[in-house]
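*Asks:* Kindly return the folded structure for what I paste below:
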Amino acid sequence: MPRPRLDHVRKAQILSAAAEVLSERGYANTRVVDIADAAGTSPAAILYWFDGKDGLLAQALGLREQEFHDRYTVKAENKATASERLRGLVEAMLYHYDWKLWMELCVLALRDKAAAAERDRMDRRWRAALRTVIREGQSSGEFIASDPDETMFLLAGLLDGLSPPLALRAKGVTRDRVERVWLSEAKRLLGPRFDGRPLKRTR
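*Replies:* This next block holds a predicted model:
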């Protein structure tokens with residue numbers, strides 16, 4: 001099969017276009033031709049570079065997740081205190097993460113091994129970031145002593161569980177409410193020195 005010409009369109013541009021279309025329309029309602037149109041290339045080029053729509057979704061979310069990490073989680077890591085770092089991570093996940101695309105990947109992961117591996121990699125990265133900050137706060141005396149894995153498990157599970165209904169605009173589920181509940185639970189688990197004030201929302 002001859003290699004399709006991509007002209008000026010790079011692979012990363014296709015992935016970026018795919019992320020936008022998949023997040024907006026959902027996996028089931030997105031066709032390869034829709035992504036090709038958004039990327040300014042042909043369906044043949046996409047099918048050459050990617051293993052159909054399944055492979056494209058996993059890689060598109062992988063790119064989006066890396067962009068998210070470079071922009072937000074690195075910024076959080078540069079904060080002075082463990083409270084500030086943890087608040088920065090949660091603010092990014094709650095207000096800037098693409099949960100719709102994440103949910104599409106989770107559904108695909110039920111039947112596709114590559115998607116399942118990508119979902120697992122992203123989940124482990126998010127949980128490791130939380131665990132690291134919790135341990136740092138405990139080591140410095142900023143957070144009370146506890147099992148950092150159990151504390152991480154509870155705080156990660158709370159945000160992971162509330163974010164999908166938030167993305168779906170479920171009745172009674174608002175960002176302000178999820179933020180308030182999460183911060184209250186974090187203060188209970190981490191102790192009085194954790195900063196439970198409302199988050200400062202950044203771009």
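
*Asks:* I'd say Val33 and Pro43 touch.
*Replies:* Yes - if you go by CB atoms under 8 Å, Val33 and Pro43 touch, sitting 5.1 Å apart. Backbone N, C-alpha and C define where each C-beta goes, glycine included.

*Asks:* Name the SS class of Leu94, please.
*Replies:* helix (DSSP: H, G, I helix; E, B strand; the rest coil).

*Asks:* Val33 and Pro43: which is more packed in?
*Replies:* A count of neighbours by other CB atoms under 10 Å puts Pro43 above the other of Val33 and Pro43, at 15 against 11.

*Asks:* Distance check, that one against Lys53.
*Replies:* 11 Å (CB to CB, to the nearest Å).

*Asks:* Which elements pack onto the top helix by length along the chain?
*Replies:* If you go by DSSP state H, the chain has its longest helix at helix 113-140. Helices and strands touching helix 113-140, by 3 or more CB pairs under 8 Å, 6 or more residues apart in numbering; DSSP states H and E, are helix 52-68, helix 82-95, helix 99-109, helix 148-167.

*Asks:* Could I get the contacting residues of the spatially most central residue of the chain?
*Replies:* Central residue of the chain (CA atoms, centre = their mean): Tyr97, 4.8 Å from the mean position. Shown in contact with Tyr97 (CB atoms under 8 Å, 6 or more residues apart in numbering): 68, 163.

*Asks:* could you redo the last one with a cut-off of 7 Å?
*Replies:* By CB atoms under 7 Å, 6 or more residues apart in numbering, Tyr97 lies in contact with Phe68.

*Asks:* same deal with Glu185?
*Replies:* 155, 158.

*Asks:* Which element, helix or strand, includes it?
*Replies:* Element membership for Glu185 (DSSP states H and E) is helix 175-190.

*Asks:* buried stuff in that helix?
*Replies:* Buried residues in helix 175-190, counted by 16 or more other CB atoms under 10 Å: 178-179, 182-183, 186-187, 189-190.

*Asks:* Overlap in contacts, Pro43 and Lys53.
*Replies:* When contacts are counted by CB under 7 Å, 6+ apart, Pro43 and Lys53 are jointly contacted by Val32.

*Asks:* For the helix holding Glu185, give the mean pLDDT please.
*Replies:* Helix 175-190 shows a mean pLDDT of 96.
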